[in-house]
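1. pasting the sequence and the predicted model now:
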Amino acid sequence: MRRTTTALLAAATLVVAAGIAITVWLIVRPSYDDHVKACEKALTKSATKTDRPDACEPLSQDDYDTLLMGWALDGVLDDMPKKDRDLLDYHDDGSINGSLD
């Protein structure tokens with residue numbers, strides 16, 4: 001009976017240690033949002049639809065394409081004069097006032 005008790009205690013200890021290790025691993029591993037933030041930081045002018053930075057590899061193709069287009073659009077808007085950024089023809093009161101007729 002002594003061997004059985006020792007074996008069960010060792011097995012239980014092993015199961016608890018494995019559970020703790022898995023829990024710690026799940027807590028410290030990067031989330032998908034962490035990968036997205038890292039990809040945003042890694043985007044440069046050399047990034048293309050097919051040539052991703054290494055930080056962007058965990059992202060799905062759709063998410064990467066969205067980030068890439070958003071990054072490119074931000075660059076275009078930053079270079080555009082402020083008066084040309086407004087796409088609506090509204091009056092000074094801020095309402096549309098029939099400009100979409």
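-> Alright, I've got the coordinates.

2. which strand or helix spans residue 49?
-> For residue 49, there is no enclosing helix or strand under DSSP states H and E.

3. how close does residue 30 get to residue 40?
-> Going from residue 30 to residue 40 by CB to CB, to the nearest Å gives 14 Å. Every C-beta, even on glycine, is put in place using the N, C-alpha and C of the backbone.

4. let me fix that, I meant to ask about residue 32.
-> In this view, residue 32 and residue 40 are 13 Å apart by CB to CB.

5. do me a favour and get the backbone dihedrals for the residue nearest to the spatial centre of the chain.
-> Taking CA atoms, centre = their mean, the centroid of the chain lies closest to residue 36, which sits 1.8 Å from it. Phi and psi for residue 36, reported as degrees, to the nearest 10, are phi -60, psi -50.

6. in this protein, what helix or strand scores lowest on average pLDDT?
-> Least confident helix or strand of the chain, by mean pLDDT, DSSP states H and E, is helix 61-79 with a mean of 80.

7. which parts of it are buried?
-> 64, 67, 68 (16 or more other CB atoms under 10 Å).

8. cool, stretch 34-41 as well?
-> 35, 36, 38, 39.

9. the residues you listed: which two are farthest apart?
-> For the buried residues of stretch 34-41, the farthest-apart pair by CB to CB is 36 and 38; their separation is 7.3 Å.

10. surely residue 67 and residue 42 touch.
-> No - here residue 67 does not reach residue 42: they are 9.9 Å apart, not a contact under CB atoms under 8 Å.

11. now do the shared contacts for those two.
-> Listed as contacting both residue 67 and residue 42 by CB atoms under 8 Å, 6 or more residues apart in numbering are residue 56.

12. which other helices and strands does the top helix by length along the chain contact?
-> The longest helix of the chain (DSSP state H) is helix 2-28. Using 3 or more CB pairs under 8 Å, 6 or more residues apart in numbering; DSSP states H and E as the contact criterion, no helix or strand is in contact with helix 2-28.

13. buried sites along it?
-> Quick answer for helix 2-28: no buried residues (16+ other CB under 10 Å).
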